[in-house]
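Engineer: Requesting a structural model of the entry that follows:
(4 chains)
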2 protein chains.
Amino acid sequence: MPQRQAFPKPSHDHERCIAKAMDAARQACASQGAQFTELRRQVLEIVWGSHAPIGAYEILSALTKNGRRPAPPTVYRALDFLLAHGLAHRIESKNAYVGCTHRHEDDRHSQFLICRACGQAVEVRDFALSQAIQQLAKNSGFAIEDQMVELAGLCPTCKGKDAHAS
Amino acid sequence: MPQRQAFPKPSHDHERCIAKAMDAARQACASQGAQFTELRRQVLEIVWGSHAPIGAYEILSALTKNGRRPAPPTVYRALDFLLAHGLAHRIESKNAYVGCTHRHEDDRHSQFLICRACGQAVEVRDFALSQAIQQLAKNSGFAIEDQMVELAGLCPTCKGKDAHAS
DNA sequence: ACATGAATGTTATAATATAACATATTGGTT
DNA sequence: AACCAATATGTTATATTATAACATTCATGT
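Structural biologist: Numbers count the residues shown, from 1 in each chain, chains lettered A, B, ... in the order given. Sure, this is the predicted structure:
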């Protein structure tokens, strides 16, 4: 049976999503004694505002529209902060960034389903998959510190459209 | 019980490894009607010659020592060919390339264990992990076309050294 | 007010990758 | 052999992604 909807419905209120994420981020930073500065907030908001993983230079452009025009290091530093605090993730296969949609307490490892048609990247945490990874590491005597799992293909919606096309 | 040695022993005869890989590549290309040209052979040899994933510009430098000095597109095209024919893999998290150590017939998906200390990246194919990925996709209604699994950490050898240090 | 560390600004450049077009090589056909 | 078409390689320029190094500003506690 399909688990809970991994890909968000197009109908959902994304503005509300963003607002919630900002609130959660503010709280998370507060509880960690980390500074959720205006710049970091803006970058996170821009990242969340994109339906697909967004590149660092795209973020730069978006910041420009707010009247600022920071240099690349400014954005990369903000991104580093967001990654370090589990507020965003980097999609290695796209050199791009997404807002984190999970609470990362103990472990910080997710998997991503990335649609090649609509560009959306959805974060999932699959227990069986995590188990399999742990087991593989154990069998190999390998001590995992970080893991990247990115699955590319077609999301349910785009898969449907694809069938109609051609 | 640990499965067969994933990380090669330092003692193994790597020259022999390379020679075997070149032979296999030649045969694979022949059977596919693909041209295993001298340039492609050289690039594959260089990739295999590196104990760790090697970047495109490093390959360029290595080629220079052979008297040539091609421009970047030459190397990227050779790499594209090698990737397309399953003779090499790209390590997304390092923007680098490794020789393929498996026969890819039906599916072309592997996982990589990447040691942060010695830099080695070992290709593995874990059935349970593949199963978990397939199941996850099925549960989400997602049609996987490509997958990237890169696990970073410490290989058995470096893990041992690490314990002694500090 | 002042000292300190964290955050941001600024300038320059490194590292990775591709577009566009020219030339050469290969393999089959006449 | 001469030719054609397809494939492969060469060449020039530039796009994209990322970081080093140092200057300035800001936040916080005393």
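Engineer: now the longest strand anywhere in chain A against strand B:143-154, angle please.
Structural biologist: In chain A, taking DSSP state E as the definition, the longest strand is strand A:143-154. With axes from the mean of the first three to the mean of the last three CA atoms, to 10 degrees defining the directions, strand A:143-154 sits at 170 degrees from strand B:143-154.
Engineer: how distant is strand A:143-154 from the center of its chain?
Structural biologist: Here the centre of strand A:143-154 is set off from its chain's centre by 13 Å, with CA atoms, centre = their mean, to the nearest Å.
Engineer: Now do the buried residues in it.
Structural biologist: Buried residues in strand A:143-154, defined by neighbour count with 16 or more other CB atoms under 10 Å in any protein chain shown: A:A143, A:I144, A:Q147, A:M148, A:V149, A:E150, A:L151, A:A152, A:G153, A:L154. Every C-beta, even on glycine, is put in place using the N, C-alpha and C of the backbone.
Engineer: Go through those residues and say which is closest to A:A128.
Structural biologist: Taking CB to CB as the measure, A:A128 lies nearest A:V149 of the buried residues of strand A:143-154, at 12.4 Å.
Engineer: Give me the pLDDT for that closest one.
Structural biologist: pLDDT recorded at A:V149 is 98.
Engineer: Would you confirm that it contacts A:L129?
Structural biologist: Yes - counting by CB atoms under 8 Å, A:V149 touches A:L129, with 7.1 Å between them.
Engineer: Can you pull the residues that touch both of those two?
Structural biologist: A:Q111, B:I133 (CB atoms under 8 Å, 6 or more residues apart in numbering or on different chains).
Engineer: in chain A, which spans are strands?
Structural biologist: A:88-91, A:96-99, A:111-115, A:121-124, A:143-154.
Engineer: Would the last one count as contacting DNA strand D?
Structural biologist: No - using CB under 7 Å from any atom of the strand, we find that strand A:143-154 stays clear of DNA strand D, coming within 13.0 Å at best.
Engineer: Do any residues in that strand lie close to chain B?
Structural biologist: Yes - Strand A:143-154 is in contact with chain B by CB under 8 Å from any CB of the partner chain, via A:A143, A:I144, A:E145, A:D146, A:Q147, A:M148, A:V149, A:E150, A:L151, A:A152, A:G153, A:L154.
Engineer: Can I get these in CSV including distance to B:C115?
Structural biologist: Formatted as CSV, the residues of strand A:143-154 next to chain B follow (distance: CB to CB, whole Å):
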residue, distance to B:C115
A:A143, 9
A:I144, 11
A:E145, 10
A:D146, 12
A:Q147, 14
A:M148, 15
A:V149, 18
A:E150, 20
A:L151, 24
A:A152, 25
A:G153, 29
A:L154, 34
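Engineer: Looking at those, spot the one nearest A:A96.
Structural biologist: A:E150 (11.0 Å).
Engineer: That closest one and B:I133 touch, don't they?
Structural biologist: No - applying CB under 8 Å, one finds A:E150 not in contact with B:I133, separated by 10.9 Å.
Engineer: Touching both of those two, which residues are there?
Structural biologist: B:Q147.
Engineer: that older thread, what is the nearest of the buried residues of strand A:143-154 to A:K9?
Structural biologist: Distances from A:K9 to those, taken by CB to CB, are shortest for A:L154, at 16.6 Å.
Engineer: what separates the closest one from DNA strand C, distance-wise?
Structural biologist: A:L154 is 21 Å from DNA strand C, where distance means CB to the nearest atom of the strand, to the nearest Å.
Engineer: what residue lies at the spatial centre of chain A?
Structural biologist: Chain A has A:V98 as the residue nearest its centroid, 2.9 Å off, counting by CA atoms, centre = their mean.
Engineer: Can you show me the helices along chain A?
Structural biologist: A:14-32, A:38-49, A:56-65, A:72-84, A:127-140, A:156-164 (DSSP state H).
Engineer: Which one of those helices lies nearest to B:L82?
Structural biologist: helix A:127-140 (25.4 Å).
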